[in-house]
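Build me a model from this:
(one chain, ligands or ions: 1)
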Amino acid sequence: MAETISRREFMRYALVGAAALAGGVVAGRYLPLGRQVIYGIRRNLAITEALVQMVDQTFVYHWAFEDLSGMPPMPSVPGPLIQAIEGEEVQLTVTNTLRDIHGFRVLGAPGDVGAGISILPGETKTIEFPAPEGGSYMYFDHINLPVNRVLGLHGPMIVLPENGNTPYSKPTPNVQRLFNDLGTTGHFPGEPWKPERTRIWLFNSIDPRFNEMAENGQPIDAARFREEVLPRYFTINGESGAFSSHNHHTVPSGRIGQPHLIRIMNAGMNSDSPHIHGNHVYLTARDDAAGGRRVEENVRFVDTFTSESGELMDWLLPMRRPPDIPGDERVPLRELIPEELALTLGGVRQSPLKYPMHGHNEVSQSAAGGNYPQGMVTGYEITGDLDGVDFPQSPASEKGGPPEAH
Ligand SMILES: [Cu+2]
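Below is the predicted model of the structure:
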């Protein structure tokens, strides 16, 4: 026996161990779900491997970025959020711990980083670049595109502009006008947008047959992958269904008049048309899969918009009072519909008000043969009125009990 156990052997051990333990102590490199933490501009990353639990409790092999400066260091899918201010020197040290060549590219960033770099097995490369103009970015392994990206090597990057009240360094006149109007006009009573009112919805699609090939060290032909990929799982920030619908890192939450920016990034293979209820959104920026980026000239007001594989788009969710709630708009909802807000239906509290976002590409709403509850679905919640008072919380139902019979 060799005196060291290879990373792969170690991981296999963990897989067997977990199956045998069935709910006991889980050793090894399993990923917690929905981990998304704000990270700074100097990070040590590794390209590694991990077993990621799906919504049906199956563990699926992934390639993953690992934040070596994390506490504790742990791989994550998506990779850690890199957040910077325009012009700041971003410094990323990336070590490839796998046995094949991997890469690193920031979609939309200029220069070498935009073109991507290759990292040999065991090699460490340092990438330094000034944070590009304010906007949403995705970093990923661009080798054997789109295979390595879809198999887990992707993550979000947010760059905030140095100045201004928008997420962009160069807002178009109409986007500037939209952000100027938030909280200052009769149409948008409430507050301006604040950078902390931001959510990332990073989509991915997973066909475990190909993940298994990667686990077994079989080469994956990109053309064959494009043709034969048949995703079984659809995720937002690594989660599906009930998990993505209840994770506060994913779900925008605020009172009426507290607009949120949603940065949508599609790392997966399928195009999708995320559709949101209760509010329409403003499409403020779009980036194509080739890295061409633009802040929108004409700000569309939509309840759904198509996100293609590898593309990014920003939505401004105004958090207006949902126009489908009838009644005098001057009366706060807590006074207008107090009985409704106090209801608990089927064990679900009706306050705060929750509205779904689901994909209009029907396949994305299934996962592992399920329907809506397991697919690429999330939502947002409205917690209170425009005057800054939260809705009363409806009483909790019997803990975890079945819904009342009607
Ligand atoms: Cu709908």
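
CA atoms for contacts and neighbours, from now on please.
Fine.

which strand in this structure runs the most residues?
As assigned by DSSP state E, the longest strand anywhere in the chain is strand 42-53.

just checking, next helix/strand downstream of it?
Counting by DSSP states H and E, the next helix or strand C-terminal to strand 42-53 is strand 59-67.

can you give me how far that following strand is from the chain middle?
16 Å (C-alpha atoms, centre = their mean, to the nearest Å).

Parallel or antiparallel, list what pairs with the next helix-or-strand element following it.
Next in sequence after strand 59-67, counting helices and strands by DSSP H and E, comes strand 74-76. Paired with strand 74-76 in the same sheet, following DSSP bridges, are strand 59-67 (antiparallel).

Show the average pLDDT along the strand it pairs with.
Across strand 59-67, pLDDT averages out at 95.

just the angle between that strand and strand 42-53, please?
Computed by axes from the mean of the first three to the mean of the last three C-alpha atoms, to 10 degrees, the angle separating strand 59-67 from strand 42-53 equals 170 degrees.

residue ranges for the strands of the stretch 151-300 of the chain, please.
For the stretch 151-300 of the chain, the strands defined by DSSP state E, counting those that start in this stretch cover 154-160, 198-206, 233-236, 253-254, 260-266, 274-276, 281-287, 293-302.

now, of those, which is deepest in the fold?
strand 233-236 (a mean of 28; mean count of other C-alpha atoms under 10 Å).

ok, back up a step: could I get the strands of the stretch 151-300 of the chain as a markdown table with distance to residue 361 and mean pLDDT?
Listed next are the strands of the stretch 151-300 of the chain as a markdown table, based on distance: least, C-alpha to C-alpha, whole Å; pLDDT from 0 to 100:
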| stretch | distance to residue 361 | mean pLDDT |
| --- | --- | --- |
| strand 154-160 | 22 | 95 |
| strand 198-206 | 12 | 97 |
| strand 233-236 | 11 | 95 |
| strand 253-254 | 25 | 97 |
| strand 260-266 | 13 | 97 |
| strand 274-276 | 8 | 97 |
| strand 281-287 | 19 | 96 |
| strand 293-302 | 16 | 94 |
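
Mind putting those into JSON lines with distance to residue 147?
Shown next, in JSON lines, are the strands of the stretch 151-300 of the chain (distance: least, C-alpha to C-alpha, whole Å):
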{"stretch": "strand 154-160", "distance to residue 147": "11"}
{"stretch": "strand 198-206", "distance to residue 147": "11"}
{"stretch": "strand 233-236", "distance to residue 147": "16"}
{"stretch": "strand 253-254", "distance to residue 147": "34"}
{"stretch": "strand 260-266", "distance to residue 147": "14"}
{"stretch": "strand 274-276", "distance to residue 147": "23"}
{"stretch": "strand 281-287", "distance to residue 147": "20"}
{"stretch": "strand 293-302", "distance to residue 147": "23"}
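
Out of those strands, which gets nearest to residue 324?
Closest to residue 324 of the strands of the stretch 151-300 of the chain is strand 274-276 (C-alpha to C-alpha; 13.5 Å).

packing partners for the closest one?
strand 353-359 (3 or more C-alpha pairs under 8 Å, 6 or more residues apart in numbering; DSSP states H and E).

wait, what's in contact with the closest residue to residue 287 other than its chain neighbours?
Distances taken as C-alpha to C-alpha, 6 or more residues apart in numbering place residue 293 nearest to residue 287, at 4.2 Å, with adjacent residues excluded. Residue 293 makes contact with 108, 285, 286, 287 under the criterion C-alpha atoms under 8 Å, 6 or more residues apart in numbering.

Can I get those in CSV including distance to residue 127?
Below are the contacts of residue 293 laid out as CSV (distance: C-alpha to C-alpha, whole Å):
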residue, distance to residue 127
108, 15
285, 26
286, 25
287, 23
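
In those, find the pair that's most separated.
108 and 285 (12.5 Å).

ok, so of the contacts of residue 293, who is nearest residue 135?
Using C-alpha to C-alpha, residue 285 comes nearest to residue 135 of the contacts of residue 293, at 8.3 Å.

how about the nearest residue to the closest one once chain neighbours are set aside, what does it touch?
Excluding its sequence neighbours, the residue lying closest to residue 285 (C-alpha to C-alpha, 6+ apart) is residue 295, at 4.2 Å. Taking C-alpha under 8 Å, 6+ apart, we find residue 295 in contact with 168, 170, 171, 172, 175, 284, 285, 286.

ok, now how distant is residue 295 from residue 303?
From residue 295 over to residue 303 the distance is 19 Å, taken as C-alpha to C-alpha, to the nearest Å.

What of residue 54?
28 Å.

So for those two, which sits in the more crowded spot?
Neighbour count, other C-alpha atoms under 10 Å: between residue 54 and residue 303, residue 54 has more, with 21 against 17.

what packs against the longest strand of the chain?
Judged by 3+ C-alpha pairs under 8 Å, 6+ apart, strand 42-53 is in contact with strand 59-67, strand 74-76, strand 89-96.

could you redo the last one with a cut-off of 10 Å?
helix 7-21, strand 59-67, strand 74-76, strand 81-85, strand 89-96, strand 102-107, strand 124-130, helix 208-215 (3 or more C-alpha pairs under 10 Å, 6 or more residues apart in numbering; DSSP states H and E).

mind saving the C-alpha coords of it as PDB?
C-alpha atoms of strand 42-53 as PDB (Å, rounded to 0.1, in the frame of the first residue of the first chain):
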ATOM      1  CA  ARG A  42      -8.100  37.900  -2.600                       C
ATOM      2  CA  ARG A  43      -8.900  34.200  -2.600                       C
ATOM      3  CA  ASN A  44      -7.000  30.900  -2.800                       C
ATOM      4  CA  LEU A  45      -9.100  28.500  -4.800                       C
ATOM      5  CA  ALA A  46      -8.700  24.900  -5.600                       C
ATOM      6  CA  ILE A  47     -10.300  23.000  -8.400                       C
ATOM      7  CA  THR A  48     -11.300  19.700  -6.800                       C
ATOM      8  CA  GLU A  49     -14.100  17.200  -6.600                       C
ATOM      9  CA  ALA A  50     -17.000  16.600  -4.300                       C
ATOM     10  CA  LEU A  51     -20.200  14.600  -3.800                       C
ATOM     11  CA  VAL A  52     -23.200  16.900  -3.800                       C
ATOM     12  CA  GLN A  53     -26.500  15.900  -2.400                       C
END
